[in-house]
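Enquirer: Got a predicted structure here, sequence first:
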Amino acid sequence: MKTLPEPARAVPVADEVDVCVAGGSCTGVFAAVRAARLGARVALVESQGFFGGTATASLVNIWHPLLDAEFRQPIAAGLTREVLRRLAKRNGVIETRPAPHAGYFLNPEELKIELDELVREAGVRPFLHAHAVATLPGARPGELDALLIEDKSGRRAIRARAFIDATGDGDLLARAGFAFEVRPHPQPPTTVVVFDHFGALEAATPKWADEVFAPERPQALAPGFLWTAPLPGRPDARLVAGTRVNGADCIDADSLSAAEMEGRRQVRAMADILRSLPGGEKLTLSNLPSRIGLRESRHAVARHRLTADELLQGTAFPDAIACGTYPVDIHHNDRPGATLRYLDGTERYIAPRRAPVLSRWRAADQGVTPFYQIPFRGLVPRDARNLLVAGRLVDADRDAYGAIRVMVNANQTGEAAGVACALAV
C-alpha cells in the first residue's frame with residue numbers, strides 16, 4: 001500500500017469535559033445522560049446527524065420485554081423504561097404481548113427527537129456528523145488524554161478525564177491501541193426496509209415471505225432469516241428484515257461500502273418479487289436505513305469474558321450491572337437461518353422454507369433460568385485506566401454475545417458505564 005506523509009499540526013481543543021462518549025446510539029446517549037445527571041460535564045460524539053444508532057439509523061425498531069423469562073417480574077428499567085414512557089405520550093410505541101424477542105415496537109423518527117430532548121435536558125454537549133479518528137495518550141500507561149474528531153469544523157480534540165466507547169465497532173478502543181478481537185464467521189449484517197401498502201399483500205398472499213427465497217425465482221435472496229415488525233401510526237406499513245450480506249468485514253471501509261450497496265440491491269430484489277405477487281401491485285419502498293444493521297465486528301478484551309454457561313445458567317455476579325432475557329441468537333454466516341437458545345431450555349433452528357428444528361440444550365425437569373446478568377468487569381478493557389466500553393463491545397464469548405448484543409441489554413451497559421465514569425471522576 002502506498003503511503004503519504006501527513007504533516008504534524010496543532011489541533012484546536014473543542015472542549016474539555018469530565019466524560020467523553022464516542023457513539024450516539026441509545027447505548028451512548030444513555031451513558032452520556034446518566035453521567036450528566038450525576039453532575040459530570042459530558043461530550044457525546046456521533047457520526048450521523050441524529051442519535052439512536054441501530055434503532056434509528058438502521059431502522060431496527062424492536063425492544064424485547066423488560067421482564068423475566070416467564071414475563072412475571074420486571075428485571076430492567078432505567079432510561080429504557082423512561083424512553084418508552086416518553087414515546088408512549090406521542091403514540092410512538094406499540095406495546096405488544098411479551099415474547100422472548102419482542103415487547104415493544106418503536107417509531108424511529110419519534111425516537112430521534114426524544115433522544116435529542118434527553119441530551120438537551122441533561123446538558124450534554126453533542127457533536128453530530130463527527131467521526132472519532134484518533135486518540136492522544138495520557139501521562140500514564142493505559143490512560144487517554146483526548147479524542148480527536150473530524151467534523152464540519154475540521155480536525156478537533158475533546159479532552160476528558162474518562163472515555164466511553166459506545167461505537168459498537170470499537171473505533172475508539174482500536175485507535176487507542178487496546179486489545180480487541182475480530183472472530184471468524186461473524187454474524188452477518190442486514191439492511192432493513194419499510195414498505196407501504198403492505199396489508200393487501202399479506203391478505204392476498206399469506207406466505208409471501210417464502211417467495212422471497214424461492215429458488216425458482218431468478219432474483220430470489222439467498223436463504224437467510226426474515227422477520228417483520230409494525231410501525232406505530234402507520235397501520236399499512238411493515239418493516240421487513242430479510243436481507244443478509246454474508247462474508248462482510250464491516251470494520252474494513254471497502255467491505256462496508258460493498259455491504260451497504262449489496263444490502264440495498266437485495267432490498268430491490270425483494271421488492272420486485274413482492275410486487276409480482278397477488279396484492280403486492282401497489283407496494284411502495286418507503287424507508288431505507290442510513291446505515292446497514294451490524295450484528296458483530298470488533299470485540300473488546302476485558303477483565304471478564306461472559307460465557308454461554310454463565311449466561312444460560314443465570315450466574316449471579318457481585319458486580320452485575322444489567323439483567324437480560326433475550327435468547328442466544330446466532331445468525332449464521334456459513335449456512336441459512338438462525339439458531340435460538342431460550343432460557344427455558346429449548347432450542348430452535350429456523351431457516352426459510354423449512355420446518356423449524358426443535359431440540360433442548362437442557363433437560364425439561366431443570367426448570368427455567370429467570371434472567372441472566374452482565375458483570376461490570378466485561379465493560380473494562382484490559383490495561384485501560386480511564387476507558388470503558390458499552391453495548392456490542394462488552395466482552396462475551398460467541399454464544400453469550402448472541403444474547404447480550406441486543407438493544408435493551410446494550411442500553412443497560414451504557415447507563416452503567418456512564419454512572420461508573422461519573423463516579424470515577
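Expert: Sure, I can see it.

Enquirer: Residue 399 contacts residue 341, correct?
Expert: Yes: in this structure, residue 399 is within contact of residue 341 by CB atoms under 8 Å, at 7.1 Å. Backbone N, C-alpha and C define where each C-beta goes, glycine included.

Enquirer: Helices of this structure, start to end?
Expert: 26-37, 78-88, 108-122, 171-175, 199-204, 208-212, 253-275, 308-312, 398-404, 407-424 (DSSP state H).

Enquirer: Next, the buried residues of the longest strand along the chain.
Expert: Identified as the longest strand of the chain according to DSSP state E is strand 154-165. Within strand 154-165, the residues that count as buried by 16 or more other CB atoms under 10 Å are 156, 157, 158, 159, 160, 161, 162, 163, 164, 165.

Enquirer: in terms of contact, does the last one touch residue 147 like I think?
Expert: No: contact status for residue 165 versus residue 147: not in contact, 9.7 Å apart, counting by CB under 8 Å.

Enquirer: any residues in contact with both of these two?
Expert: Taking CB atoms under 8 Å, 6 or more residues apart in numbering as the contact rule, residue 165 and residue 147 both touch 22, 172.

Enquirer: Nearest to residue 233, out of the helices of the chain?
Expert: Closest to residue 233 of the helices of the chain is helix 108-122 (CB to CB; 8.6 Å).

Enquirer: Run the chain-centre distance for the closest one.
Expert: 17 Å (CA atoms, centre = their mean, to the nearest Å).

Enquirer: average pLDDT for it?
Expert: For helix 108-122, the mean pLDDT works out to 98.

Enquirer: Remind me what it packs against, helices and strands.
Expert: helix 26-37, helix 78-88 (3 or more CB pairs under 8 Å, 6 or more residues apart in numbering; DSSP states H and E).

Enquirer: Deepest-packed of those, please.
Expert: Highest mean neighbour count among the helices and strands packed on helix 108-122 (mean count of other CB atoms under 10 Å): helix 26-37, with a mean of 29.

Enquirer: can you dump the C-alpha coordinates of it into CSV?
Expert: Coordinates of each C-alpha in helix 26-37 appear next as CSV, following Å, rounded to 0.1, in the frame of the first residue of the first chain:
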residue,chain,number,x,y,z
CYS,A,26,-29.2,4.6,22.6
THR,A,27,-26.3,3.0,24.4
GLY,A,28,-24.1,6.1,24.0
VAL,A,29,-26.9,8.5,24.7
PHE,A,30,-27.9,6.7,27.9
ALA,A,31,-24.2,6.6,29.0
ALA,A,32,-23.9,10.4,28.4
VAL,A,33,-27.2,11.3,30.0
ARG,A,34,-26.7,9.2,33.1
ALA,A,35,-23.2,10.7,33.7
ALA,A,36,-24.6,14.2,33.1
ARG,A,37,-27.5,13.7,35.5
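
Enquirer: before we move on, the earlier item: could I get the buried residues of strand 154-165 as a markdown table with distance to residue 302 and pLDDT?
Expert: Output for the buried residues of strand 154-165, formatted as a markdown table (distance: CB to CB, whole Å; pLDDT from 0 to 100):
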| residue | distance to residue 302 | pLDDT |
| --- | --- | --- |
| 156 | 29 | 98 |
| 157 | 26 | 98 |
| 158 | 24 | 98 |
| 159 | 25 | 98 |
| 160 | 20 | 98 |
| 161 | 20 | 98 |
| 162 | 16 | 98 |
| 163 | 15 | 98 |
| 164 | 13 | 98 |
| 165 | 11 | 98 |
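
Enquirer: now, among these, which is nearest to residue 118?
Expert: residue 164 (15.9 Å).

Enquirer: Identify the residues contacting that closest one.
Expert: Here residue 164 is in contact with 19-22, 28, 31-32, 387-390, 414, 417-418, 421 (CB under 8 Å, 6+ apart).

Enquirer: Counting neighbours, what do you get for residue 200?
Expert: By the criterion of other CB atoms under 10 Å, residue 200 has 15 neighbours.

Enquirer: mind checking how far the closest residue in space to it that isn't next to it in sequence is from residue 257?
Expert: With CB to CB, 6 or more residues apart in numbering as the criterion, residue 200 has its nearest non-adjacent residue at 4.1 Å, and that residue is residue 279. Distance from residue 279 to residue 257, counting by CB to CB, to the nearest Å: 35 Å.

Enquirer: which one of the two has more residues nearby?
Expert: Shown here are residue 279 and residue 257; by other CB under 10 Å, residue 279 has more neighbours (19 against 11).

Enquirer: just checking, the more buried one touches residue 202?
Expert: Yes: taking contacts as CB under 8 Å, residue 279 lies within contact range of residue 202: 7.3 Å.

Enquirer: Find the nearest non-adjacent residue to residue 268, please.
Expert: Nearest to residue 268 is residue 285, by CB to CB, 6+ apart, at 7.8 Å.

Enquirer: Show me what the one you found bridges to in the sheet.
Expert: For residue 285, the beta-bridge partners are residue 195 (DSSP bridges).
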